[in-house]
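Student: coordinates only, no sequence provided:
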């Protein structure tokens, strides 16, 4: 790693390595020394930034959460964006541009707080707001159902793909059809 690297960019690099290690070697592969080796840092450098293994895993999780929020916000801000199309495009993005994160998230599941998994890729609060703004009865329940549907698509994509595939198998049209059907039931489809 470049010695002129800023502390913030070093933290980002460490978080990316945590994701990579978890995706390829499982949760047990995530150690301070493994990150040091991968980044060619002196032994003990990673622990300067993240004292505990839980902190390391938290950095990887926060990196995934931030990337998800940024991408979803970008897609949702399109002026002609129908909700089901935004969902489809977001899942296609996850499975083609970020399959390593999907694998890492599954590997890190036992290490994360209960409920933290879905928060890495999907925001229950945002989904609830979508349904509340549309006047749906029981928006929290509808949001949970939508996230469960989306989680199912991601899990199936991960399970139906080769472990080292650079993209995950996802049928975008199936996502669009199922999401539209769900939103139609909630009277939100366009």
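Tutor: On my side now, so go ahead. Fair warning: this is a prediction, and the values are worked out from it, not measured in the lab.
Student: which SS class is residue 167?
Tutor: coil (DSSP: H, G, I helix; E, B strand; the rest coil).
Student: quick one: residues contacting the residue nearest the centre of the chain.
Tutor: For the chain, residue 121 is the residue whose C-alpha lies nearest the centre (C-alpha atoms, centre = their mean; 3.5 Å). Contact analysis of residue 121 by C-beta atoms under 8 Å, 6 or more residues apart in numbering lists 64, 68, 94, 102, 105, 150, 154. Every residue, glycine included, has its C-beta placed from N, CA and C.
Student: surely the second one is in contact with residue 120?
Tutor: Yes: counting by C-beta atoms under 8 Å, residue 68 sits close enough to residue 120 to count as a contact (6.4 Å).
Student: related to what we said a few turns ago, just the buried members of the contacts of residue 121?
Tutor: The neighbour-count test (16 or more other C-beta atoms under 10 Å) applied to the contacts of residue 121 identifies 64, 68, 94, 102, 105, 150, 154 as buried.
Student: farthest-separated two in these?
Tutor: Pairwise distances across the buried ones among the contacts of residue 121 (C-beta to C-beta) peak at 14.9 Å, for the pair 64 and 150.
Student: what residues does the helix or strand residue 100 falls within touch?
Tutor: Residue 100 belongs to helix 99-108 when assigned by DSSP states H and E. Residues from elsewhere that reach helix 99-108, judged by C-beta under 8 Å, 6+ apart: 18-20, 22-24, 26-27, 30, 57, 60-61, 64, 67, 94-95, 117, 120-121, 154-155, 157-158, 161, 163, 165-168.
Student: what helices or strands is the longest helix seen in the chain leaning on?
Tutor: As assigned by DSSP state H, the longest helix anywhere in the chain is helix 53-76. Here helix 53-76 touches helix 7-25, helix 32-39, helix 83-97, helix 99-108, helix 116-121, going by 3 or more C-beta pairs under 8 Å, 6 or more residues apart in numbering; DSSP states H and E.
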